[in-house]
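**Q** just a sequence and a predicted model for now, questions to come.
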Amino acid sequence: MDLVAALARARSPQEPGPDTPAGPPVRAWPGPPRPLPRAGRGELDLELLLRLSLAASDGSGRLRPAASAGALHPVDARLAVGPGCPLPPGRYGYDPLRHRVHRLAPVPGGAPPGVSVELSLSPRRTASHYGHRARPLVLLDAGHAAAALWLAGRALGTAPPQLRMDGRTEEPVAALHFAPHEDCARATADGSPARAPATGGPPSSGPATAPAPGELLARRSAPPPLRGAPPRDALRDVLATAVEAGAGELGWCAAVGEPRPELLELGPGGTLRRLAAGEARPTLAVWAAGQGWIADAGAVLLGYGCPADAGARRIRRTHLRAGFAVQLAQLAALRHGLAARPVGSWQQADLGAALGAAPGRDWIVHGLALGSAPTAPVPPPAPAPLRPTHPDEKGPS
């Protein structure tokens with residue numbers, strides 16, 4: 001089934017069938033495994049870059065620094081290594097369970113200095129549980145993995161990587177190139193941050209302060225329930241991070257509840273403004289594969305767009321960028337002491353139509369549930385229709 005038809009089916013109310021075998025948790029790369037050598041002066045630290053972004057921290061392979069639907073991790077990584085790295089130049093497959101690489105071949109024509117990390121997909125892992133809903137989920141997971149690599153580079157103090165997430169190709173679906181640079185201060189795994197480069201980054205570079213390695217290794221999605229409304233300044237920062245990292249591919253808003261249920265978006269100057277009035281969370285719980293706990297989450301960040309007539313390239317680009325943005329927004333939430341959990345599976349979630357705009361234009365693509373702290377169980381709020389508050393707030397178009 002092509003991607004356009006697969007996304008339409010994933011958005012439908014059809015339920016997935018029984019679970020199927022997931023297959024190997026990592027790709028079986030040929031050849032013997034090799035350890036990642038320690039980086040010398042001026043070399044790119046591949047060992048730490050991959051440990052902070054893709055490596056598993058448990059034997060099952062479920063716990064990793066990048067979020068994944070069902071912890072099934074369908075994203076595989078190949079490395080095109082050039083000069084300035086501790087590995088000899090060539091192409092390598094990465095094994096995140098053993099934190100080892102397998103040499104595959106030389107790079108035709110040679111690789112530029114540094115490393116290109118190419119991300120590809122093994123959809124069977126995700127389809128084993130999510131069935132026909134897997135296709136958008138694996139793309140979101142690839143976006144999360146790209147963001148994890150991006151953040152790891154920032155923790156090492158590398159120059160901002162060249163990021164390709166334009167949706168042009170299925171193999172690889174995304175790629176990041178990290179160049180070695182002589183002035184990089186080596187990060188340490190005990191949590192001390194590297195010195196950030198002076199060059200800065202593009203608009204989608206994420207949090208302003210480079211993360212510490214320990215901050216990335218400690219990232220975990222919080223289990224439900226996620227109750228308690230986030231403080232307004234924290235919600236504004238999480239929303240601003242998603243907007244910036246989304247690079248214009250999506251609209252972004254946040255659903256909040258009592259004492260004033262509404263949808264909020266970023267206004268001029270980074271302020272929060274009302275997009276629509278009304279309690280959205282019970283409806284979001286139904287749309288998010290019936291996950292009832294979302295009805296009383298403290299807040300739910302939403303990325304929306306990707307119209308029903310989008311072609312395969314736009315679908316890939318939008319979902320990759322959504323995963324990238326939510327991964328960075330999750331780090332922003334954790335920095336504010338919030339509980340956060342990505343929400344990737346959405347059915348019949350036409351947010352634009354719910355707000356009175358044309359149907360089929362603004363579907364929810366990804367979400368991030370937020371909570372301030374665990375609280376005693378409370379009854380979920382009663383469903384109520386969303387309503388625009390005035391002509392300038394009719395919602396996405």
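**A** Received the coordinates, thanks. Numbering: from 1, shown residues only.
**Q** hang on, Ala142 in a helix?
**A** Yes - counting by DSSP: H, G, I helix; E, B strand; the rest coil, Ala142 falls inside a helix.
**Q** for the stretch 201-350 of the chain, which spans come out with low pLDDT?
**A** 201-207 (pLDDT under 70).
**Q** quick one: the strands in it, in order.
**A** 251-256, 262-266, 272-277, 299-305, 339-343 (DSSP state E, counting those that start in this stretch).
**Q** for Thr126, which of these is the nearest?
**A** The closest of the strands of the stretch 201-350 of the chain to Thr126 is strand 339-343. By Cβ to Cβ, the value is 13.8 Å. (Each C-beta comes from the backbone N, C-alpha and C, glycine too.)
**Q** residues near the closest residue in space to Pro211 that isn't next to it in sequence, how many?
**A** Nearest non-adjacent residue to Pro211, counting by Cβ to Cβ, 6 or more residues apart in numbering: Ala155, 5.0 Å away. When neighbours are counted by other Cβ atoms under 10 Å, Ala155 registers 26.
**Q** next, count neighbours for Gly292.
**A** That count, for Gly292 with other Cβ under 10 Å as the rule, works out to 13.
**Q** so it versus Leu284, what's the distance?
**A** 11 Å (Cβ to Cβ, to the nearest Å).
**Q** try Leu301
**A** Following Cβ to Cβ, the distance that separates Leu301 from Leu284 is 11 Å.
**Q** isn't Ala22 up against Pro123?
**A** No - taking contacts as Cβ atoms under 8 Å, Ala22 lies outside contact range of Pro123: 10.6 Å.
**Q** isn't Arg69 up against Trp346?
**A** Arg isn't right for residue 69; it's Ala. No - judged on Cβ under 8 Å, Ala69 makes no contact with Trp346 at a distance of 11.7 Å.
**Q** who touches both of the two?
**A** Listed as contacting both Ala69 and Trp346 by Cβ atoms under 8 Å, 6 or more residues apart in numbering is no residue at all.
**Q** am I right that the residue nearest to Pro211 falls within a helix?
**A** Yes - under three-state DSSP, Ala155 sits within a helix.
**Q** thinking again about what came up before, with distance to Gly109 and mean neighbour count added, can I get the strands of the stretch 201-350 of the chain in TSV?
**A** Below are those laid out as TSV (distance: least, Cβ to Cβ, whole Å; neighbours: other Cβ atoms under 10 Å):
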stretch	distance to Gly109	mean neighbour count
strand 251-256	41	25
strand 262-266	44	22
strand 272-277	50	19
strand 299-305	38	27
strand 339-343	39	24
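**Q** nearest to Leu7, out of those strands?
**A** Across the strands of the stretch 201-350 of the chain, closest to Leu7 is strand 299-305 (Cβ to Cβ), at 12.5 Å.
**Q** measure stretch 51-70 end to end?
**A** Taking Cα to Cα, to the nearest Å, stretch 51-70 runs 21 Å from one end to the other.
**Q** can you check stretch 35-42 too?
**A** 20 Å.
**Q** where exactly do the helices run in the stretch 151-300 of the chain?
**A** Along the stretch 151-300 of the chain, the segments classed as helices by DSSP state H, counting those that start in this stretch run 213-217, 232-246, 281-287.
**Q** tell me how many other residues surround Gly131.
**A** Neighbour tally, Gly131, other Cβ under 10 Å: 17.
**Q** SS state for it?
**A** Quick answer, by three-state DSSP: Gly131 is helix.
**Q** shouldn't it be in contact with Arg9?
**A** No - between Gly131 and Arg9 there is no contact under Cβ under 8 Å: 9.7 Å.
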